[in-house]
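Asker: After the sequence you'll find the predicted model.
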Amino acid sequence: MSLNHLPPIHHYICLSMEPRCTDVLLIRKSLQDALMDMFGLTFSSTYMDILSVNEQGSEVVIRVNPDDASRILAAVAGASRASIKCSAVKESSFLPSLLSSDPGVQQ
């Protein structure tokens, strides 16, 4: 008997934000601007869901297509003029894995 693994249909990315922001539309616009700067108009409309923004506005979790995840991570890393600077904290195709913390890290 062999096990067949289903391909992931979503990819999840946890981003830290500076300055802090709880406005979902402003976060979305900032991510779109980063995609526009890096890849042009075609990829600036990449589909993404903002699933969660923490109360302090310092972290956001987004859901994207697995094919677009690397593009979004590259745009976030290379964004220079975005109103909100983002950096990747964790990314995974399994949402609960974003909740785990490294044992050596104090929070």
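Answerer: Cool, got the structure. Numbering: from 1, shown residues only.
Asker: which other helices and strands contact whichever helix in the chain runs longest?
Answerer: Across the chain, the helix with the greatest residue count (assigned by DSSP state H) is helix 24-39. Applying 3 or more C-beta pairs under 8 Å, 6 or more residues apart in numbering; DSSP states H and E, one finds that helix 24-39 makes contact with helix 41-44, strand 48-53, helix 66-78, strand 85-92. Any C-beta I mention is one placed from the backbone N, CA and C, and that applies to glycine too.
Asker: mind checking how far the spatially closest residue to residue 68 that is not a sequence neighbour is from residue 6?
Answerer: In this structure, residue 68 finds its nearest non-sequential neighbour in residue 46, 5.0 Å apart by C-beta to C-beta, 6 or more residues apart in numbering. Residue 46 is 23 Å from residue 6, where distance means C-beta to C-beta, to the nearest Å.
Asker: Spatially central residue in this protein, please.
Answerer: Nearest to the mean C-alpha position of the chain, by C-alpha atoms, centre = their mean, lies residue 13 at 3.7 Å.
Asker: That residue: what's it in contact with?
Answerer: 61-62, 64, 69, 72-73, 88, 90-91 (C-beta atoms under 8 Å, 6 or more residues apart in numbering).
Asker: tell me which element it is part of?
Answerer: Taking DSSP states H and E as the criterion, residue 13 maps to strand 11-18.
Asker: since we're on the nearest residue to residue 49 once chain neighbours are set aside, how many residues are nearby?
Answerer: Closest residue to residue 49 apart from its sequence neighbours, by C-beta to C-beta, 6+ apart: residue 63 at 4.3 Å. Residue 63: 17 surrounding residues under other C-beta atoms under 10 Å.
Asker: Residue 63 should be in a strand, yeah?
Answerer: Yes: read with DSSP: H, G, I helix; E, B strand; the rest coil, residue 63 is one of the residues of a strand.
Asker: Next up, the contacts around it.
Answerer: Contact analysis of residue 63 by C-beta under 8 Å, 6+ apart lists 10-12, 48-49, 51, 95.
Asker: 6 Å instead, please
Answerer: 10, 12, 49, 51 (C-beta atoms under 6 Å, 6 or more residues apart in numbering).
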